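[1] Sequence below, structure please.
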Amino acid sequence: MKGIIFTEFMELVEEKFGLEVLDEVLEMSGDEGIYTAVGSYDHRDFVKLIVNLSKKTGIAPDTLQQVFGQSAFKALLASIPASASIGESTSTFQFIRHVEDYIHVEVKKLYADAQPPKFHFISETETEMVMDYQSARCMSNVCLGLIEGCATHFGEAIEVKMYPQTDDGSVVRFSLSIV
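    Next comes the predicted model:
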């Protein structure tokens, strides 16, 4: 998992809960909190941070992942070069398609060892999109938050339903409807 995920998470925790809580979560996790945005780290360390933040705050891990995804969308958007075709997206659905076609491709070019999630598009109309999210990291709630952050960015009201396709959560079907 890319370090930018860790650095964004720690910034969010510090902003929402304070430096003391961040330090306690890092200590509970046996983590020194030293990450570089371009480094690669074990996703299990991220899961540990989420679980321990949940223990500390009483907020469910799925909710914390979702809030993180909403926040991380802003950083994702800011990291996209102005010349990139994805920047021309005018809707949530267009942007999501570009994530698979542009962002995940660029990540693989920059980091040969990267394993970004995959989106498999099932169907799409002007008001509905159905896709499968596939990731060995099983972080569909981060994906949910990213979708919500994207919809907010485009000023769209979108209802999102999630349907696990595997017992381990590595494949989740997302059904998005503009409301």
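[2] Can you name the secondary structure element that comes next after the longest helix seen in the chain?
    Ranked by residue count under DSSP state H, the longest helix found in the chain is helix 61-79. Toward the C-terminus, helix 61-79 is succeeded by helix 92-98 as the next helix or strand (DSSP states H and E).
[3] Need the residues that contact that next one.
    85-86, 89, 119, 121, 124, 129, 131, 147, 150-151, 153-154, 156, 158, 176, 178 (C-beta atoms under 8 Å, 6 or more residues apart in numbering). Just so you know, the C-beta spots here come from the backbone N, C-alpha and C atoms, and that holds for glycine as well.
[4] buried subset of those?
    Buried members of these, counted by 16 or more other C-beta atoms under 10 Å: 86, 89, 119, 129, 131, 147, 150-151, 158, 176, 178.
[5] Could you identify the most distant pair in the residues you listed?
    Between any two of those, the greatest separation by C-beta to C-beta is 19.7 Å, found for I86 and I178.
[6] D132 contacts Y163, correct?
    No. Look at D132 against Y163 with C-beta atoms under 8 Å: they stay out of range, at 9.3 Å.
[7] mind listing the helices for the chain?
    Along the chain, counting by DSSP H, helices occupy 3-17, 19-29, 43-57, 61-79, 92-98, 104-110, 140-153.
[8] Which of those has the lowest mean pLDDT?
    With a mean of 66, helix 104-110 has the lowest mean pLDDT of those.
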